[in-house]
Every structure is written in C-alpha cells, then in structure tokens.
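> prediction below, plus the sequence it came from.
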Amino acid sequence: MTLNGMLQILVYFGVILLITKPLGAYMAKVFEGEKTLLGRVLRPFELLIYKLCGIHEDEDMRWSTYAVAMLLFSVVGMVLTYALLRTQGMFNMFGWNPQAFGGKDMPPDVAMNTAASFATNTNWQNYVPEMTVSYFSNMVSLAIHNWMSAATGIAIAVALIRGFSRRSAKGIGNFWVDTVRATLYVLLPLAFIGGIVFIAGGVPQNFLPYQIVTTIEGAKQTIAQGPVASQEIIKMLGTNGGGFFNANSAHPFENPSNFINLLQIIAIFCIPAGLTYTFGKMVGNTRQGWAIFSAMSAMFLCGAIACNVAEQTGNPFVAQAKVMTEQTATQPGGNMEGKETRFGIGASTLFATVTTDASCGAVNGMHDSFTPLGGLVPLFNILTGEVIFGGVGAGLYGMLMFAVIGVFIAGLMVGRTPEYIGKKIEKFEVQMSMLAVLVLAASILGFTALSTNTTYPPGATAQTFDDKHAADEAKLPTLASWNHVNGSTPSNYEGATTNNTNNGGAHGFTEIFYLYASSTGNNGSAFAGITGNTPHYNVTGMFAMLIGRFLMIIPLLAIAGSLAAKKRVPESSGTFATDSGTFVVLLIGVVILINVLTFFPALALGPIVEHFKMVLMKPPI
C-alpha cells in the first residue's frame, strides 16, 4: 500500500469523524421535535405540508400502522414512476424533453425494474440514462425517489431508535412526520449547499439540448448535459447512486475534479455516520452510539485498506511478464484497469469501498476490472447487509439488528436473559432479526442459483447479441457513454456466455452473484460485464430489490413496536455492557460470522477461486 493511498483513507475518515457528532446531535433535535437553528425558516413550511396533506403531527402510530404507511408511500411512488416513464414523451413542458425521448425508449420490463429500483433506494440502471430518459423523467420520475426513499430510510431508523428509548409505549412515532422532517430539516439544507458547491466545482446545471460539436480530428461528437448538479448531490446524500450519465461518477460532468470526488464520498457517509450519534443521544447514552460507530469504522478501515492493497499489488501475471508494477514518480503501478485515471488507484478503491459500505452504488471505476481480492471487498460489503455505516437509516437499523443477535448470543454464553439499551431481548426480537437475515440470504442465493442455469431466450443465439451490440453502438452519443458502469446496457455482448455474462467460470459467476447481492442489498453497483437489460434480469432483479427493502424493514418495525412496549430493565452486576470495547468486538464478529457462514460457498465459487487461479496458475503468455 502506498503512502498516498493510506493518507487518502485517513483524511477521509478524519472528516467523517469530525462531522458525526454535530450532525448527529442536530438530527436528534429534529426527530425529538426540539427547536433548531433552521426551525424559524422551515417550521412554517412543515406546518403547511401537514395542513395540506391532512397529517396530525401529534398522532402516534403503532408499528403495524407505521409499516402500512411506509408501504403505501413506496408503492404509490413506484406505480407513479412506472406510469411517467412509459408516457414520458407526453411531457415536454418548459423544454424538459429536448431529445424527444418517449415510452418506446423505456419498455415495460425496463420501466418496471427502474421504478422498483428507485423506489427501494437501489438505483440499479438497466438503461443508458442519456439515451433513454428525458430531463422531466430524471427530475420527476426518478430523482424524486432520491428524496423519498432516503427520507423513508431515515424514518425507519428513527422509529427503531424510539423502540429502544421509549418505555411502555404503544407507538413508535408518526411515519409522515418523520419523513417530512427528514426531508425538510436534513436532506434539503445539505443538498442545497452541496448543489451550489457542485455547480461551482464544474458540475453542469441546465436544460439545454445536447450539443453537437466538432472534435480536433474533425469528427462530430454529441455532448449530453442537463440538470446534473441538483441530482448528483441528492444521489450521494441519499445513498442512491443512480447516475445522470451511464458512466456514473466516472463521467467528467458528474465528477469533474478530485475535490468534487472527495465531497461525493463524504456526502455518502455523513448522514449514516451522524445517525449513530443520533442513536446514542436519543437513547440517553452517547457511548452506545460511539460503540456502533466504532464497529462500523473498524470494518470500513479494514475493507478500504484491503481493497487498496489488492489493487496496488496488481495482477502477478503482469509482473511475471517483466512489466513494471511498482509505483514510481512517472506511473501509478498496480492494477489500473477499470480505474478512473484522473484520480488513481487510491481514490478509486476508496470510492468503491465507501459506495458498497453504504447502499449507494455510485461508482467512479469498474468493479468488474478489480483483482479478485479487490473485487471481493465491495461484494462482501454488500453481503453484510451494508451495515458498515450503510445507507441513510438502513445502515443503522441493519446494525441494530445484528446488535440484537449479538446480545442474544452473549446472553446464551453467560446463562441469562440478554438485554440491550435497558430492554430485554426475547424470543420475538431474535426471531424477527433472524427472519430478516434469512430472507435476504434466500433472495441473493436463490436468484443466483436460478440465473446460473438460465440461457438465452428461445431462438436467440450469441450472434443475436453480437448484432444487437453493433446496432446499439451505432446509436450511442459519445463522451464516455459507452462505459457500461452500474449495470447499464447496451453492454458489450461479444463473447457473452449463455447467462448473458462477458466472462465464463468464476468471474462470470461473480457477475451474476454480485447482481443479486447488489439488488437485494439495494446498492445498485454492478460487476458490469453482465448484460442486465433482459426480461429475466429485469423481472428477477425487481423482485430481489423489493424483497431486500421491504422484507427487512417490516420485521425491524415489528421489533421496534415490541421493544417500545417494554419497560426499562435496571442494570445489574450481570448486565453485559453494550457500550464497551468487548461489545464492539462481539458485534463485528457476529456480522462477519453470519455472513461467512451464509455466503462462503458462493464466495468460494467466485472471487476466491479466481484469486487462487491467478496466483497459482502460470501466466497466459
């Protein structure tokens, strides 16, 4: 590992550490209904929203009512998005569809997958954005979910926190109030400031038609643009990840400089990190929040270092071919394939680690081109349930699920009823936690097993896909569009296997496995060698995204309702301290152990086998 790579990780983590307490304390005040600095400006808007929508601010919902409200909010938004995408050609007011994209550019299976993707905070994109969706669709159909799904995640986390902080209560809060406050007081101010900084940093924000220019060589080039900055900031803050352009954060309009690159990954972690302090503040013991933060931080640092070391070491085949792989003053060394050359290995591996620790999925490099061990890190991050800071809200409530399992195991070891934050953890809480774990695992492994045995549609052949590739390539705008990042298509069909992957063997299996891990984990990044835009992957991916979002949230809300109804148990000499270093180690161990036991066979078939082949086999030269 180079000094440059280590410094980038440490500087980034230092910034996140500095942000955590003030932002966390602010969010605690927001969701406790206390006065804040922004209250004088935003409170009238909050009250106006309640009046227009018929929301009763003081109404306290049972967990089941809270869950129904969350589901209705998400489902209605998903259906509306599907309808708008299919009819986008009808909406050209204010010049918001200058390229005249229509419903034909978003077929039913793609529109269905996309609607589910954005509603679940996944933002998996089986289409080329700049060739498919209008400015109107980007803003109204898609970007609105960057706000809605992010606010929903924060609301669920706050509801679970109330489960631990309340005593003998019937309710866990009001979903509508929590969602409005998350949007107005948390997301909006940060997005407003960040959007201005992004514009100042070179990210475009306009509604102009695509520009056709003449290059130095005399060729014609189409330059896509649009209202990028306003969507780029909420894409990162809300840990959404869907790119305005196909190349995502490798595109110079989405990510024009090292400074903007750093701001993007800071935006990904700032709210999830702050929520750990919010948790400690709301339960009345900030040490509990710092314990969760410490567990997340340890796993993040280990992953970031491991990924950087693997990519900086590079492929031994290259070194055996007498090619310089060491870093020098004139070349970066290591494995530069798939990396963003403007930023280098350090920034690309840090971005890959952060985006998969969180459920963001934005990318500035190609995970498919990482070394086996370098690619294993992003994959494993997703398989943890993205609890290493994780998505906005989702990371915290996922880690609290593992905390429930952890204290249950600790209770078994000492022979007493487990407790966490003064609440007894009993059969129901453990059952609901394990249900969420097993449902996610079943989705990932089940769909992977199904798709590894899925071939081309009847009558299709490899030539069919080669012909489609040639036809799609001819239609492409330029400026990095043909960079099939984030699972987008058209993809490179040449050499594709019968499973629509560009590689056979262990690497091809990993492409399929990663697709369903990313979909179920609501991440959205991809081992992009896979051709995701097929009816099979569109439909199965949609179900994986819905399962990963809602069949995890509902059991956790049930836990919140059960805990809120319980009385606080006073600490005794036998109480296991959950704000100690021992608990941090236990929590990390539980996360790793459960995921290794669950997914090791699949990991062994994919990146682990590929690594040993790379190390032990003779180079193909």
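Received it, and whenever you're ready, just let me know what you need.
> the residue nearest to E326 when sequence neighbours are not counted in helix, strand or coil?
Leaving aside its sequence neighbours, E326 sits nearest to G333 (C-beta to C-beta, 6 or more residues apart in numbering; 4.9 Å). From N, CA and C alone the C-beta is placed, and that goes for glycine too. At G333 the chain is in coil, as set by DSSP: H, G, I helix; E, B strand; the rest coil.
> G333: neighbouring residues, count only.
Using other C-beta atoms under 10 Å, G333 has 17 neighbouring residues.
> am I right that G532 sits in a strand?
No: read with three-state DSSP, G532 is coil and lies in no strand.
> state the distance from it to S168.
Separation of G532 from S168 (C-beta to C-beta, to the nearest Å) stands at 49 Å.
> the two - which one has more neighbours?
G532 (26 against 9).
> what's C307 in contact with, if anything?
Shown in contact with C307 (C-beta atoms under 8 Å, 6 or more residues apart in numbering): 349, 352-353, 370, 374, 377-378.
> what mean pLDDT would you report for stretch 205-223?
Across stretch 205-223, pLDDT averages out at 90.
> swap in stretch 185-198?
Rounded mean pLDDT across stretch 185-198 is 96.
> show me what counts as buried in it.
Within stretch 185-198, the residues that count as buried by 16 or more other C-beta atoms under 10 Å are 185-188, 190-191, 194-195, 198.
> among those residues, which two are most distant?
By the measure C-beta to C-beta, Y185 and F198 form the most distant pair in the buried residues of stretch 185-198, at 21.0 Å.
> just give the nearest non-adjacent residue to the most centrally placed residue in the chain, would you?
Ranked by distance to the mean C-alpha position of the chain (C-alpha atoms, centre = their mean), the top residue is S359 at 1.8 Å. In this structure, S359 finds its nearest non-sequential neighbour in G391, 3.4 Å apart by C-beta to C-beta, 6+ apart.
> could you report the neighbour count for that neighbour?
For G391, using other C-beta under 10 Å, the count is 33.
> which of the three states applies to it?
Going by three-state DSSP: G391 is coil.
> doesn't D357 make contact with it?
No: applying C-beta atoms under 8 Å, one finds G391 not in contact with D357, separated by 9.7 Å.
> what's L262 in contact with, if anything?
L262 is in contact with Y12, counting by C-beta under 8 Å, 6+ apart.
> before we move on, which element is it in?
L262 belongs to helix 258-282 when assigned by DSSP states H and E.
> for H536, same thing?
Assigned by DSSP H and E, H536 falls in helix 535-564.
> after that helix, next one along is what?
Helix 535-564 is succeeded, C-terminally, by helix 581-603 (DSSP H and E).
> output that following helix as PDB, nothing but the C-alphas.
Provided in PDB are the C-alpha atoms of helix 581-603 (Å, rounded to 0.1, in the frame of the first residue of the first chain):
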ATOM      1  CA  GLY A 581     -14.800  -2.500  23.600                       C
ATOM      2  CA  THR A 582     -15.900  -6.100  24.200                       C
ATOM      3  CA  PHE A 583     -19.300  -5.400  22.700                       C
ATOM      4  CA  VAL A 584     -17.700  -3.800  19.700                       C
ATOM      5  CA  VAL A 585     -15.600  -6.900  19.100                       C
ATOM      6  CA  LEU A 586     -18.600  -9.100  19.600                       C
ATOM      7  CA  LEU A 587     -20.700  -7.100  17.100                       C
ATOM      8  CA  ILE A 588     -18.000  -7.200  14.400                       C
ATOM      9  CA  GLY A 589     -17.700 -10.900  15.000                       C
ATOM     10  CA  VAL A 590     -21.400 -11.500  14.600                       C
ATOM     11  CA  VAL A 591     -21.600  -9.600  11.400                       C
ATOM     12  CA  ILE A 592     -18.600 -11.400   9.900                       C
ATOM     13  CA  LEU A 593     -19.500 -14.800  11.200                       C
ATOM     14  CA  ILE A 594     -23.100 -14.800  10.000                       C
ATOM     15  CA  ASN A 595     -22.100 -13.600   6.500                       C
ATOM     16  CA  VAL A 596     -19.200 -16.000   6.200                       C
ATOM     17  CA  LEU A 597     -21.400 -19.000   7.200                       C
ATOM     18  CA  THR A 598     -24.100 -17.800   4.800                       C
ATOM     19  CA  PHE A 599     -22.200 -16.900   1.700                       C
ATOM     20  CA  PHE A 600     -18.800 -18.600   1.900                       C
ATOM     21  CA  PRO A 601     -19.700 -21.400  -0.600                       C
ATOM     22  CA  ALA A 602     -20.800 -18.700  -3.200                       C
ATOM     23  CA  LEU A 603     -17.700 -16.600  -2.500                       C
END
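> buried stuff in that helix?
By neighbour count on 16+ other C-beta under 10 Å, the buried set for helix 581-603 is 583-584, 586-588, 590-591, 594-595, 598-599, 602-603.
> ok now that helix, how far from the chain's centre?
Its chain's C-alpha centre and that of helix 581-603 lie 20 Å apart, by C-alpha atoms, centre = their mean, to the nearest Å.
> and the next helix or strand past it?
Next element after helix 581-603 (DSSP H and E): helix 609-616.
> go through the helix or strand hosting L84 and flag the buried ones.
Assignment of secondary structure by DSSP H and E places L84 within helix 63-86. Residues 63, 65-67, 69-70, 73-74, 77-78, 80-82, 84-86 are the ones in helix 63-86 that count as buried (16+ other C-beta under 10 Å).
> could you find the closest non-adjacent residue to G561?
W63 (2.8 Å).
> tell me the pLDDT of the one you found.
Per the predicted model, pLDDT is 95 at W63.
> which residues touch it?
Contacts of W63 (C-beta under 8 Å, 6+ apart): 159, 172, 557-558, 560-562, 564.
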